[in-house]
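In: please work out how this folds:
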Amino acid sequence: MVLVIYNEVGVEGVAYGEACTSTGDCTETTNIVCDTICKCSPGTFRKTTAAECATKVAALDDTCDATDSASDQCAVADAECRIDGTAKCLCKATHYVDAAACTLRKNPDATCGGDECVLHASCVATKCVCDAGYTPSPTTTPTMCKSSGVVKVTILPCMYVVPILASMMFLLR
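Out: The predicted model follows:
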């Protein structure tokens with residue numbers, strides 16, 4: 001008769017983010033793979049609120065975890081989980097929605113068809129044009145609209161100023 005005594009002293013294995021040779025080396029087992037280090041498997045992300053890998057949110061406008069600051073919760077490229085109260089996967093500010101994907105916003109002078117232009121630009125007659133007070137920058141092959149820094153001052157002719165001043169003086173008496 002053979003009697004085997006098994007005594008487990010502690011759990012051995014490789015922690016998340018540490019070097020490994022096979023997935024079996026990793027101490028965590030849910031959604032973990034070994035790719036020279038223990039990391040989340042494709043289609044999952046590392047939660048910051050709990051030490052685990054969770055499935056990414058599949059589509060734009062789907063609900064995400066606004067209490068978790070993990071930046072890669074959304075499966076759609078160039079999307080982010082908005083923690084500003086919406087708690088949904090939406091395109092980053094530098095991108096717009098185009099057929100369930102996020103596409104880089106269009107530069108000034110580019111052909112457009114809606115809300116596709118960079119910040120401070122609008123689509124006018126199918127072309128991205130900088131808004132009033134903004135100019136394309138850099139001047140050759142612009143990538144953004146920059147504040148022109150010009151303050152417009154309206155000069156009133158004297159015939160308008162005198163009655164205004166007289167009215168103000170009357171009110172101040």
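In: CA only for contacts and neighbour counts going forward, please
Out: Will do.
In: count residues in the vicinity of Gly13, would you?
Out: Using other Cα atoms under 10 Å, Gly13 has 13 neighbouring residues.
In: hang on, isn't it packed against Thr27?
Out: Yes: counting by Cα atoms under 8 Å, Gly13 does reach Thr27; the two are 5.0 Å apart.
In: ok, Ile37 touching Gly13?
Out: No: using Cα under 8 Å as the test, Ile37 is too far from Gly13 to be in contact (12.0 Å).
In: so which residues of this structure form helices?
Out: Ranges of helices within the chain are 158-172, based on DSSP state H.
In: low-confidence ranges, it, go.
Out: Within the chain, the stretches with pLDDT under 70 are 1-11, 150-173.
In: ok, which stretches of it are strands?
Out: Ranges of strands in the chain, per DSSP state E, are 32-34, 38-40, 44-46, 53-55, 79-81, 89-91, 95-98, 101-104, 121-124, 127-130, 134-137, 144-147.
In: for Asp68, find the nearest of these.
Out: With Cα to Cα as the criterion, Asp68 lies closest to strand 79-81 of those, at 9.0 Å.
In: CA atoms of stretch 63-78 as CSV?
Out: Provided in CSV are the C-alpha atoms of stretch 63-78 (Å, rounded to 0.1, in the frame of the first residue of the first chain):
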residue,chain,number,x,y,z
THR,A,63,-23.3,50.6,-22.5
CYS,A,64,-19.9,50.4,-20.9
ASP,A,65,-18.7,50.6,-17.3
ALA,A,66,-18.4,54.3,-16.4
THR,A,67,-16.9,53.4,-13.0
ASP,A,68,-13.9,51.7,-14.6
SER,A,69,-11.2,54.0,-16.1
ALA,A,70,-9.9,51.3,-18.4
SER,A,71,-9.4,53.1,-21.8
ASP,A,72,-9.8,49.9,-23.9
GLN,A,73,-13.3,48.8,-22.9
CYS,A,74,-14.7,49.3,-26.4
ALA,A,75,-14.0,46.8,-29.1
VAL,A,76,-14.5,49.3,-31.9
ALA,A,77,-11.1,51.0,-32.9
ASP,A,78,-10.9,54.7,-31.9
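In: just to revisit the earlier point, of the strands of the chain, which is nearest Ala110?
Out: strand 127-130 (5.5 Å).
In: which strands and helices sit next to the closest one?
Out: When contacts are defined as 3 or more Cα pairs under 8 Å, 6 or more residues apart in numbering; DSSP states H and E, strand 127-130 packs onto strand 121-124.
In: alpha carbons only: can I get the strand it packs on in PDB?
Out: Output in PDB follows, covering the C-alpha atoms of strand 121-124 (Å, rounded to 0.1, in the frame of the first residue of the first chain):
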ATOM      1  CA  ALA A 121     -14.800  73.500 -39.000                       C
ATOM      2  CA  SER A 122     -18.100  72.800 -40.700                       C
ATOM      3  CA  CYS A 123     -19.100  71.000 -43.900                       C
ATOM      4  CA  VAL A 124     -20.200  73.700 -46.300                       C
END
